[in-house]
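Q: this one's structure only:
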């Protein structure tokens with residue numbers, strides 16, 4: 001890949017800087033290839049999941065029954081699907097607040113095409129995925145071409161896409177979704193829910209994309225240091241646009257699964273999944289500072305949230321306590337992550353005054 005044109009510099013200085021800047025990127029790629037499947041933090045997430053399941057199993061014998069475990073997996077599927085896309089975004093150091101609105105928008109449009117326009121379920125499914133791709137790509141373009149901060153850009157599009165969902169049906173739900181569509185995403189194959197199979201397939205594809213392709217290496221490098229990645233020949237803007245487009249696609253798939261589960265499309269059906277999908281990725285080890293994230297961790301994070309919700313219901317705990325518990329879990333997960341790394345943000349703040357003093 002050809003090197004991007006650099007600002008005017010001495011040839012010797014330029015080549016020296018390039019050599020120095022290539023080393024961190026090469027090191028990042030080497031680490032991404034040789035990094036062990038499990039490290040201490042990842043192992044801690046699995047242990048936490050096991051402990052949570054055991055505690056709820058002791059408190060309520062019905063929790064660990066096969067039927068209830070299947071319900072947990074189904075309820076966690078949407079968080080897992082949307083969370084997979086957000087994991088890529090967070091690895092690049094960004095955030096996508098529009099995923100819930102994209103899920104709502106895609107669900108409403110696809111259901112409207114099937115119910116009001118007579119579109120076949122398969123074509124409506126493809127149309128929904130394409131719409132999610134476009135919405136996500138728009139987010140990426142706003143961030144890369146207009147240089148908007150990811151938080152601001154996706155906060156704005158979150159409102160825009162949610163408004164579009166209301167406009168399509170004047171705020172009314174869409175009922176009588178065709179049975180063929182429901183069967184595609186809300187049936188069973190050999191006793192296993194299709195939604196769970198879909199999550200497994202998407203997770204494997206996302207893992208291969210992140211860990212076994214050049215694109216995945218570029219995603220990690222971009223999150224580690226945009227400048228270093230750019231100097232090493234990575235087209236950072238293209239990587240970001242692709243990552244947000246992927247997030248939009250998976251948010252759209254999540255919205256379609258919601259429609260199939262409730263056999264209807266509601267204008268704000270995807271909104272509750274914004275925070276829980278982000279929480280799944282963060283609990284699973286995605287570093288909000290960028291450069292790190294785990295596909296398997298996101299799945300475990302989604303299962304943890306699904307188990308907490310299900311367990312609290314079985315224990316007759318009022319539903320509004322679920323938000324408190326979810327928030328506490330996210331705070332604890334981030335605190336443990338930062339603590340295991342020696343609180344890098346605090347170290348950075350301590351170094352800044354020293355740099356100013358030297359200057």
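A: Nice, thanks for sending it over. It should be emphasised that the depicted structure is a prediction, and the values quoted were computed from it without experimental measurement.

Q: Just give me the residue closest to the centre of this protein.
A: With distances taken as C-alpha atoms, centre = their mean, the residue of the chain nearest its centroid is residue 86 (1.9 Å).

Q: OK, contacts around that residue?
A: 95-96, 99, 247, 277-278, 280-281, 286, 298 (C-beta atoms under 8 Å, 6 or more residues apart in numbering). To be clear about C-beta, it is placed using only N, CA and C from the backbone, and glycine gets the same treatment.

Q: Report the distance from the helix or strand encompassing it to the chain centre.
A: Using DSSP states H and E, the element containing residue 86 is helix 66-91. Relative to the centre of its chain, helix 66-91 is centred 10 Å away, using C-alpha atoms, centre = their mean, to the nearest Å.

Q: any idea which helix or strand comes after it?
A: Using DSSP H and E, the helix or strand that follows helix 66-91 in sequence is helix 99-115.

Q: how about the helix or strand that that next one is followed by: buried residues?
A: Downstream of helix 99-115, the next assigned helix or strand under DSSP H and E is helix 121-144. Within helix 121-144, the residues scored as buried using 16 or more other C-beta atoms under 10 Å are 121, 124-125, 127-129, 131-133, 135-144.

Q: what's the average pLDDT for the helix or strand that comes right after helix 121-144?
A: As assigned by DSSP H and E, the chain's next helix or strand after helix 121-144 is helix 150-169. Taken as a whole, helix 150-169 has a mean pLDDT of 96.

Q: can you check stretch 296-313 too?
A: Here stretch 296-313 scores 94 as its mean pLDDT.

Q: Repeat that for stretch 332-352.
A: For stretch 332-352, mean pLDDT rounds to 63.

Q: cool, stretch 207-224 as well?
A: If you average the pLDDT over stretch 207-224, you get 95.

Q: same deal with stretch 318-326?
A: The model assigns stretch 318-326 a mean pLDDT of 83.

Q: Can you find the helix or strand of the chain with the lowest average pLDDT?
A: Within the chain, no helix or strand scores below helix 11-34, which has a mean of 46 by mean pLDDT, DSSP states H and E.

Q: What pLDDT is listed against residue 291?
A: pLDDT, the model's per-residue confidence, is 87 for residue 291.

Q: That one contacts residue 224, doesn't it?
A: Yes - contact criterion C-beta atoms under 8 Å: residue 291 and residue 224 qualify, at 4.0 Å.

Q: okay, these two: which has more neighbours?
A: Legend: neighbour count by other C-beta atoms under 10 Å for residue 291 and residue 224, higher for residue 224 (22 against 19).

Q: looking at it, that one is touching residue 289, isn't it?
A: No - Residue 224 is not in contact with residue 289 according to C-beta under 8 Å; the separation is 9.7 Å.
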